[in-house]
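S.K.: generate coordinates for the sequence data below:
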Amino acid sequence: MVTLLQRIDTFTDEERIVALELIDDAITRPEQSGYQCIVAVAPGASAGASEDDEHVAGYLSYGRTPMTEAAYDLYWVAVDPAFRGQGVGRKLCAALEETCRQAEGHLVRVETSSQEAYAGTLQFYLDQDYIEGGRLPGFYKPGDDLVILYKLL
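M.R.: Have a look, this model is predicted:
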């Protein structure tokens with residue numbers, strides 16, 4: 001996952017650290033942390049490649065929203081640039097939504113930045129039928145709004 005996160009140029013070093021902490025919590029203490037991950041793996045290039053040759057094409061981290069009955073937070077979607085445009089992010093979101101439905105979840109919430117570097121991210125969520133539910137101006141820093149999106153399941 002470290003290599004994947006390093007390959008995504010829109011993430012800052014601080015964001016990479018937080019993303020890795022969420023992954024670590026999801027793996028080492030999932031019940032206590034509430035974080036979970038869904039991973040998309042692309043098989044190795046050669047026929048008969050061992051599991052060690054597999055490449056992480058992307059991942060998604062999420063968790064149940066505290067103090068709600070059936071809402072979930074989508075924290076991160078990260079797709080290796082080599083796999084962008086191949087439906088990896090869409091499939092990860094679809095897997096999350098199905099997982100939430102099976103757990104009787106009814107809503108997924110996402111927060112993102114309004115910075116130009118995140119315009120593609122915002123459009124990705126809108127293309128997946130997420131609805132912009134609000135903005136907090138200057139939330140991250142002056143000129144960088146928090147954009148809140150949601151999808152009813």
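
S.K.: which stretches of this structure aren't confidently modelled?
M.R.: Under the criterion pLDDT under 70, the flagged ranges of the chain are 43-54.

S.K.: now do the helices in this protein.
M.R.: 2-7, 13-28, 30-33, 88-102, 119-127 (DSSP state H).

S.K.: which other helices and strands does the second one contact?
M.R.: What it means is helix 13-28. Contacting helix 13-28 under the criterion 3 or more CB pairs under 8 Å, 6 or more residues apart in numbering; DSSP states H and E are the following elements: helix 2-7, helix 30-33, strand 35-42, strand 55-64, strand 71-79. For glycine as for every other residue, the C-beta is placed from the backbone atoms N, C-alpha and C.

S.K.: what's the second one packed up against?
M.R.: Going back to what we said before, that points to helix 30-33. For helix 30-33, where contacts count as 3+ CB pairs under 8 Å, 6+ apart, the packed elements are helix 13-28.

S.K.: the helix it packs on: which residues count as buried?
M.R.: 16, 19, 22-23, 25-26 (16 or more other CB atoms under 10 Å).

S.K.: any chance of a markdown table for the helices of the chain, columns distance to A71?
M.R.: Rendered in a markdown table, the data for the helices of the chain read as follows (distance: least, CB to CB, whole Å):
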| stretch | distance to A71 |
| --- | --- |
| helix 2-7 | 26 |
| helix 13-28 | 18 |
| helix 30-33 | 17 |
| helix 88-102 | 9 |
| helix 119-127 | 16 |
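
S.K.: on that earlier part again, can you put the helices and strands packed on helix 13-28 in JSON lines and add mean neighbour count?
M.R.: Shown next, in JSON lines, are the helices and strands packed on helix 13-28 (neighbours: other CB atoms under 10 Å):
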{"stretch": "helix 2-7", "mean neighbour count": "14"}
{"stretch": "helix 30-33", "mean neighbour count": "10"}
{"stretch": "strand 35-42", "mean neighbour count": "18"}
{"stretch": "strand 55-64", "mean neighbour count": "21"}
{"stretch": "strand 71-79", "mean neighbour count": "21"}
